[in-house]
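Asks: Let me see the structure of the following:
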Amino acid sequence: MRTLTTPRPPAVVAAPPATPRRRRRPGRSAAVWILVGPYTVFLVVFGLAPAGYALWTSFVDNGSFTGGRDWAAVFQDYRLGDAAAHVTTYLLLWLPILLLTVLSLAFTLHARPGRTTRALQLVYYLPGAVTGSAAALLWLFMVSPDSSPFSPLLELMDVKSATDALSGPSLIAVLTVMGVAVHAGGWIVVLYGALNALPKDVLEAAQVDGASAWRTMWHIKLPMVRTYVAFVLISSFASGSQVFVEPTVLSTGAPGQISPTWSINQLAYTYATQDGDFGKAAALSLAMLAVGMLAAWIVITRTRMYDTDSSDSR
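Replies: Below is the predicted model of the structure:
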(Lines give C-alpha, C1' and ligand atoms only; values in the text may rest on other atoms or scores of the structure.)
Protein backbone atom coordinates (compact mmCIF):
# COMPACT_ATOMS: atom_id res chain seq x y z
CA MET A 1 0.00 0.00 0.00
CA ARG A 2 1.46 3.31 -1.07
CA THR A 3 1.84 6.14 1.37
CA LEU A 4 0.70 9.44 0.08
CA THR A 5 3.17 12.25 0.79
CA THR A 6 2.41 15.87 0.66
CA PRO A 7 4.61 17.63 -1.88
CA ARG A 8 6.92 20.20 -0.39
CA PRO A 9 6.52 23.77 -1.52
CA PRO A 10 9.36 25.11 -3.62
CA ALA A 11 12.07 26.77 -1.66
CA VAL A 12 11.85 30.51 -1.68
CA VAL A 13 15.14 32.17 -2.47
CA ALA A 14 15.49 35.38 -0.61
CA ALA A 15 16.21 38.35 -2.82
CA PRO A 16 19.43 40.20 -2.05
CA PRO A 17 18.84 43.32 -0.06
CA ALA A 18 18.50 46.39 -2.15
CA THR A 19 21.47 48.69 -2.04
CA PRO A 20 20.36 51.85 -0.37
CA ARG A 21 20.77 54.94 -2.45
CA ARG A 22 23.18 57.43 -1.17
CA ARG A 23 21.49 60.64 -0.33
CA ARG A 24 23.36 63.80 -0.86
CA ARG A 25 23.77 65.86 2.16
CA PRO A 26 21.90 69.13 1.87
CA GLY A 27 24.89 71.11 3.06
CA ARG A 28 27.28 69.49 0.60
CA SER A 29 25.73 71.06 -2.50
CA ALA A 30 25.65 74.42 -0.79
CA ALA A 31 29.33 74.12 0.12
CA VAL A 32 30.22 73.23 -3.45
CA TRP A 33 28.41 76.26 -4.82
CA ILE A 34 29.98 78.51 -2.21
CA LEU A 35 33.43 77.37 -3.34
CA VAL A 36 32.77 77.25 -7.09
CA GLY A 37 30.34 80.16 -7.36
CA PRO A 38 32.80 83.07 -7.04
CA TYR A 39 35.19 81.47 -9.52
CA THR A 40 32.34 80.89 -11.96
CA VAL A 41 31.32 84.54 -11.74
CA PHE A 42 34.89 85.72 -12.34
CA LEU A 43 35.29 83.24 -15.20
CA VAL A 44 32.17 84.51 -16.94
CA VAL A 45 32.72 88.23 -16.30
CA PHE A 46 36.48 88.41 -16.89
CA GLY A 47 37.02 85.39 -19.15
CA LEU A 48 34.13 84.19 -21.28
CA ALA A 49 32.43 87.56 -21.74
CA PRO A 50 35.59 89.38 -22.98
CA ALA A 51 36.42 86.43 -25.24
CA GLY A 52 32.93 86.51 -26.69
CA TYR A 53 33.13 90.26 -27.24
CA ALA A 54 36.53 89.89 -28.88
CA LEU A 55 35.11 87.24 -31.21
CA TRP A 56 32.27 89.59 -32.14
CA THR A 57 34.70 92.48 -32.70
CA SER A 58 36.92 90.38 -34.96
CA PHE A 59 34.04 89.63 -37.32
CA VAL A 60 31.87 92.77 -37.07
CA ASP A 61 32.96 96.34 -37.84
CA ASN A 62 30.52 99.22 -37.33
CA GLY A 63 27.60 96.81 -37.35
CA SER A 64 28.57 95.09 -40.61
CA PHE A 65 29.94 91.59 -40.99
CA THR A 66 33.52 91.63 -42.30
CA GLY A 67 33.73 87.96 -43.20
CA GLY A 68 36.99 87.28 -41.42
CA ARG A 69 38.84 90.14 -43.10
CA ASP A 70 40.66 91.06 -39.88
CA TRP A 71 41.81 87.48 -39.36
CA ALA A 72 43.26 87.32 -42.86
CA ALA A 73 45.00 90.66 -42.40
CA VAL A 74 46.61 89.52 -39.16
CA PHE A 75 48.03 86.31 -40.61
CA GLN A 76 49.29 88.18 -43.69
CA ASP A 77 51.14 90.76 -41.58
CA TYR A 78 54.89 90.31 -42.06
CA ARG A 79 55.53 91.38 -38.46
CA LEU A 80 53.64 88.39 -37.06
CA GLY A 81 56.24 85.90 -38.29
CA ASP A 82 59.10 87.72 -36.61
CA ALA A 83 57.14 88.16 -33.37
CA ALA A 84 56.13 84.49 -33.32
CA ALA A 85 59.76 83.44 -33.93
CA HIS A 86 60.97 85.63 -31.05
CA VAL A 87 58.39 84.28 -28.60
CA THR A 88 58.93 80.67 -29.69
CA THR A 89 62.70 80.94 -29.26
CA TYR A 90 62.21 82.54 -25.86
CA LEU A 91 59.84 79.78 -24.72
CA LEU A 92 62.10 76.99 -25.98
CA LEU A 93 64.98 78.45 -24.00
CA TRP A 94 63.17 79.72 -20.91
CA LEU A 95 60.69 76.94 -20.11
CA PRO A 96 63.19 74.04 -19.85
CA ILE A 97 65.62 76.12 -17.77
CA LEU A 98 62.83 77.33 -15.49
CA LEU A 99 61.38 73.86 -14.98
CA LEU A 100 64.80 72.30 -14.37
CA THR A 101 65.69 75.04 -11.86
CA VAL A 102 62.42 74.71 -9.97
CA LEU A 103 62.53 70.91 -9.81
CA SER A 104 66.17 70.63 -8.83
CA LEU A 105 66.04 73.25 -6.08
CA ALA A 106 62.68 72.09 -4.69
CA PHE A 107 63.79 68.45 -4.52
CA THR A 108 67.11 69.48 -2.98
CA LEU A 109 65.37 71.48 -0.27
CA HIS A 110 63.03 68.60 0.47
CA ALA A 111 65.87 66.10 0.70
CA ARG A 112 67.74 68.25 3.23
CA PRO A 113 65.20 69.72 5.68
CA GLY A 114 66.30 72.06 8.45
CA ARG A 115 66.73 75.69 9.37
CA THR A 116 68.89 76.33 6.35
CA THR A 117 66.06 75.17 4.12
CA ARG A 118 63.69 77.80 5.51
CA ALA A 119 66.26 80.51 4.94
CA LEU A 120 66.88 79.32 1.39
CA GLN A 121 63.15 79.43 0.62
CA LEU A 122 63.18 83.13 1.45
CA VAL A 123 66.33 83.68 -0.61
CA TYR A 124 64.81 81.95 -3.64
CA TYR A 125 61.53 83.83 -3.29
CA LEU A 126 62.98 87.34 -2.91
CA PRO A 127 63.76 87.90 -6.63
CA GLY A 128 60.16 87.01 -7.42
CA ALA A 129 58.91 89.77 -5.12
CA VAL A 130 59.92 92.28 -7.82
CA THR A 131 57.87 91.59 -10.94
CA GLY A 132 56.53 93.32 -14.02
CA SER A 133 57.87 96.70 -15.05
CA ALA A 134 59.86 97.07 -11.80
CA ALA A 135 61.77 93.85 -12.54
CA ALA A 136 62.44 94.93 -16.13
CA LEU A 137 63.71 98.31 -14.94
CA LEU A 138 65.92 96.61 -12.34
CA TRP A 139 67.45 94.32 -14.98
CA LEU A 140 67.96 97.29 -17.26
CA PHE A 141 70.39 98.63 -14.66
CA MET A 142 71.88 95.15 -14.22
CA VAL A 143 72.96 94.97 -17.88
CA SER A 144 74.26 98.56 -17.97
CA PRO A 145 78.03 98.53 -17.27
CA ASP A 146 77.91 102.02 -15.78
CA SER A 147 75.49 101.06 -13.00
CA SER A 148 75.61 97.25 -12.79
CA PRO A 149 77.26 95.51 -9.83
CA PHE A 150 78.44 92.93 -12.39
CA SER A 151 80.31 95.47 -14.52
CA PRO A 152 83.61 93.47 -14.43
CA LEU A 153 81.77 90.44 -15.81
CA LEU A 154 80.11 92.57 -18.48
CA GLU A 155 83.49 93.94 -19.50
CA LEU A 156 84.82 90.39 -19.89
CA MET A 157 81.87 89.67 -22.16
CA ASP A 158 82.74 92.80 -24.18
CA VAL A 159 79.49 94.52 -23.20
CA LYS A 160 80.22 98.25 -23.28
CA SER A 161 76.65 99.53 -22.96
CA ALA A 162 73.08 98.36 -22.43
CA THR A 163 72.63 98.47 -26.19
CA ASP A 164 75.20 95.70 -26.62
CA ALA A 165 73.41 93.49 -24.08
CA LEU A 166 69.95 94.07 -25.52
CA SER A 167 70.63 93.68 -29.22
CA GLY A 168 70.14 90.57 -31.32
CA PRO A 169 70.25 87.15 -29.62
CA SER A 170 71.53 88.72 -26.39
CA LEU A 171 68.05 90.08 -25.70
CA ILE A 172 66.53 86.59 -25.48
CA ALA A 173 69.33 85.52 -23.13
CA VAL A 174 68.65 88.52 -20.88
CA LEU A 175 64.90 87.82 -20.93
CA THR A 176 65.56 84.17 -20.06
CA VAL A 177 67.72 85.01 -17.05
CA MET A 178 65.22 87.63 -15.96
CA GLY A 179 62.28 85.25 -16.34
CA VAL A 180 63.96 82.49 -14.33
CA ALA A 181 64.93 84.89 -11.54
CA VAL A 182 61.42 86.37 -11.33
CA HIS A 183 59.31 83.22 -11.61
CA ALA A 184 61.41 80.40 -10.17
CA GLY A 185 61.22 81.42 -6.50
CA GLY A 186 57.45 81.31 -6.21
CA TRP A 187 57.19 77.96 -7.99
CA ILE A 188 59.93 76.49 -5.76
CA VAL A 189 57.87 77.37 -2.69
CA VAL A 190 54.72 75.84 -4.23
CA LEU A 191 56.44 72.62 -5.26
CA TYR A 192 58.26 72.34 -1.93
CA GLY A 193 54.91 72.57 -0.14
CA ALA A 194 53.55 69.79 -2.37
CA LEU A 195 56.54 67.60 -1.53
CA ASN A 196 56.00 68.16 2.20
CA ALA A 197 52.43 66.89 1.80
CA LEU A 198 53.56 63.49 0.47
CA PRO A 199 52.78 60.51 2.74
CA LYS A 200 55.82 59.85 4.91
CA ASP A 201 55.18 56.12 5.13
CA VAL A 202 55.74 55.77 1.37
CA LEU A 203 59.03 57.65 1.53
CA GLU A 204 60.15 55.68 4.59
CA ALA A 205 59.29 52.40 2.85
CA ALA A 206 61.47 53.41 -0.11
CA GLN A 207 64.30 54.24 2.27
CA VAL A 208 63.96 50.88 4.03
CA ASP A 209 64.04 49.08 0.68
CA GLY A 210 67.36 50.73 -0.04
CA ALA A 211 66.23 53.16 -2.75
CA SER A 212 68.75 55.91 -3.39
CA ALA A 213 67.82 59.57 -3.21
CA TRP A 214 67.83 59.78 -7.01
CA ARG A 215 65.54 56.76 -7.48
CA THR A 216 63.21 58.01 -4.75
CA MET A 217 62.99 61.35 -6.45
CA TRP A 218 62.52 60.00 -9.98
CA HIS A 219 60.20 57.04 -9.31
CA ILE A 220 58.23 58.17 -6.23
CA LYS A 221 58.30 61.91 -5.57
CA LEU A 222 58.08 63.16 -9.14
CA PRO A 223 55.09 60.97 -10.17
CA MET A 224 53.23 61.95 -7.00
CA VAL A 225 53.62 65.69 -7.67
CA ARG A 226 53.11 65.52 -11.43
CA THR A 227 49.90 67.56 -11.09
CA TYR A 228 51.83 70.48 -9.63
CA VAL A 229 54.54 70.17 -12.27
CA ALA A 230 51.88 70.26 -15.00
CA PHE A 231 50.35 73.34 -13.39
CA VAL A 232 53.74 75.05 -13.34
CA LEU A 233 54.24 74.24 -17.01
CA ILE A 234 50.80 75.46 -18.09
CA SER A 235 50.98 78.71 -16.12
CA SER A 236 54.55 79.42 -17.23
CA PHE A 237 53.69 78.80 -20.88
CA ALA A 238 50.76 81.20 -20.62
CA SER A 239 52.84 83.97 -19.07
CA GLY A 240 55.82 83.40 -21.35
CA SER A 241 53.80 83.45 -24.56
CA GLN A 242 52.28 86.78 -23.51
CA VAL A 243 55.60 88.49 -22.78
CA PHE A 244 55.05 92.23 -23.12
CA VAL A 245 56.31 94.38 -20.25
CA GLU A 246 59.91 93.17 -20.31
CA PRO A 247 60.81 93.98 -23.94
CA THR A 248 58.79 97.21 -23.75
CA VAL A 249 60.69 98.53 -20.73
CA LEU A 250 64.07 97.23 -21.89
CA SER A 251 63.63 99.03 -25.22
CA THR A 252 64.00 102.34 -23.37
CA GLY A 253 67.59 101.41 -22.53
CA ALA A 254 68.45 100.44 -26.10
CA PRO A 255 66.66 102.86 -28.43
CA GLY A 256 66.17 101.45 -31.90
CA GLN A 257 67.43 97.96 -30.96
CA ILE A 258 64.17 96.36 -29.80
CA SER A 259 61.22 96.54 -32.14
CA PRO A 260 57.92 97.80 -30.67
CA THR A 261 56.34 94.67 -32.17
CA TRP A 262 59.03 92.28 -30.87
CA SER A 263 56.45 89.96 -29.25
CA ILE A 264 52.98 88.88 -30.32
CA ASN A 265 51.40 90.73 -27.42
CA GLN A 266 53.20 93.91 -28.44
CA LEU A 267 51.89 93.52 -31.98
CA ALA A 268 48.32 93.21 -30.67
CA TYR A 269 48.91 96.30 -28.53
CA THR A 270 50.14 98.18 -31.61
CA TYR A 271 47.00 97.21 -33.53
CA ALA A 272 44.76 98.59 -30.77
CA THR A 273 46.62 101.73 -29.68
CA GLN A 274 48.55 103.01 -32.69
CA ASP A 275 46.49 101.69 -35.59
CA GLY A 276 43.12 101.92 -33.84
CA ASP A 277 42.17 98.58 -35.40
CA PHE A 278 40.44 96.69 -32.61
CA GLY A 279 39.25 93.97 -34.98
CA LYS A 280 42.80 92.87 -35.76
CA ALA A 281 43.81 93.20 -32.11
CA ALA A 282 40.88 90.99 -31.09
CA ALA A 283 41.67 88.41 -33.78
CA LEU A 284 45.32 88.16 -32.73
CA SER A 285 44.35 87.93 -29.05
CA LEU A 286 41.94 85.08 -29.77
CA ALA A 287 44.60 83.28 -31.79
CA MET A 288 46.95 83.50 -28.78
CA LEU A 289 44.15 82.22 -26.55
CA ALA A 290 43.64 79.23 -28.85
CA VAL A 291 47.35 78.40 -28.80
CA GLY A 292 47.42 78.62 -25.01
CA MET A 293 44.39 76.37 -24.63
CA LEU A 294 45.86 73.83 -27.06
CA ALA A 295 49.13 73.77 -25.13
CA ALA A 296 47.24 73.35 -21.85
CA TRP A 297 45.21 70.47 -23.30
CA ILE A 298 48.37 68.72 -24.49
CA VAL A 299 50.02 69.05 -21.07
CA ILE A 300 46.87 67.87 -19.24
CA THR A 301 46.44 64.79 -21.43
CA ARG A 302 50.13 63.85 -21.50
CA THR A 303 50.61 64.19 -17.75
CA ARG A 304 47.19 62.71 -16.87
CA MET A 305 46.67 65.74 -14.68
CA TYR A 306 43.11 64.95 -13.67
CA ASP A 307 43.41 61.18 -13.38
CA THR A 308 42.34 59.74 -10.03
CA ASP A 309 42.95 56.40 -8.36
CA SER A 310 40.28 53.71 -8.63
CA SER A 311 39.70 53.96 -4.92
CA ASP A 312 38.87 57.63 -5.25
CA SER A 313 36.43 57.10 -8.11
CA ARG A 314 34.18 54.69 -6.29
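
Asks: contacting residues around D201?
Replies: Residues near D201 by C-beta atoms under 8 Å, 6 or more residues apart in numbering: none. Where you see a C-beta, it was placed from the backbone N, CA and C, and this is true even at glycine.

Asks: Got phi/psi on it?
Replies: The phi and psi values for D201, taken as degrees, to the nearest 10, are phi -70, psi -30.

Asks: Next, work out how far apart it and L120 are.
Replies: Using C-beta to C-beta, to the nearest Å, D201 is found at 27 Å from L120.

Asks: centroid residue for this protein?
Replies: The chain has S235 as the residue nearest its centroid, 1.1 Å off, counting by C-alpha atoms, centre = their mean.

Asks: next SSE after the lowest-mean-pLDDT helix or strand in the chain?
Replies: Of all helical and strand segments in the chain, the minimum by mean pLDDT, DSSP states H and E falls on helix 115-125, at a mean of 69. With elements assigned by DSSP states H and E, the helix or strand that comes after helix 115-125 is helix 132-142.

Asks: Could you list the buried residues of stretch 248-255?
Replies: Using 16 or more other C-beta atoms under 10 Å as the test for burial, stretch 248-255 gives T248, V249, L250, S251, G253, A254.

Asks: now swap in stretch 87-102 and tell me
Replies: V87, Y90, L91, L93, W94, L95, L98, L99, T101, V102.

Asks: what about the helices in the stretch 201-314 of the chain?
Replies: 213-216, 222-224, 226-241, 245-250, 264-273, 278-303 (DSSP state H, counting those that start in this stretch).

Asks: In a markdown table: the ones you listed, plus distance to V45.
Replies: Below are the helices of the stretch 201-314 of the chain laid out as a markdown table (distance: least, C-beta to C-beta, whole Å):
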| stretch | distance to V45 |
| --- | --- |
| helix 213-216 | 45 |
| helix 222-224 | 36 |
| helix 226-241 | 19 |
| helix 245-250 | 24 |
| helix 264-273 | 21 |
| helix 278-303 | 16 |
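
Asks: Looking at those, which is nearest to Y39?
Replies: The closest of the helices of the stretch 201-314 of the chain to Y39 is helix 226-241. By C-beta to C-beta, the value is 15.6 Å.

Asks: Please find the angle between the direction vectors of that closest one and helix 278-303.
Replies: 160 degrees (axes from the mean of the first three to the mean of the last three C-alpha atoms, to 10 degrees).

Asks: got the contact list for helix 226-241?
Replies: So helix 226-241 is in contact with 87, 90-91, 94-95, 98-99, 102-103, 179, 183, 187, 190-191, 194, 222, 264, 288, 291-292, 295-296, 299-300, 303-305, going by C-beta under 8 Å, 6+ apart.

Asks: just the buried residues of stretch 248-255 now: which is nearest D146?
Replies: G253 (11.0 Å).

Asks: Tell me if I'm right that that closest one and D146 touch.
Replies: No: the criterion here is C-beta atoms under 8 Å, and G253 misses it with D146 at 11.0 Å.

Asks: picking up where we left off before, what about the helices of the stretch 201-314 of the chain, which gets the closest to Q207?
Replies: When these are compared by C-beta to C-beta, helix 213-216 sits nearest Q207, at 7.3 Å.

Asks: thinking again about what came up before, tell me how far the residue nearest to the centre of the chain lies from V243.
Replies: Distance check for S235 against V243: by C-beta to C-beta, it reads 14 Å.

Asks: Run through this structure and note the low-pLDDT ranges.
Replies: 1-27, 114-119, 121, 126-129, 308-314 (pLDDT under 70).
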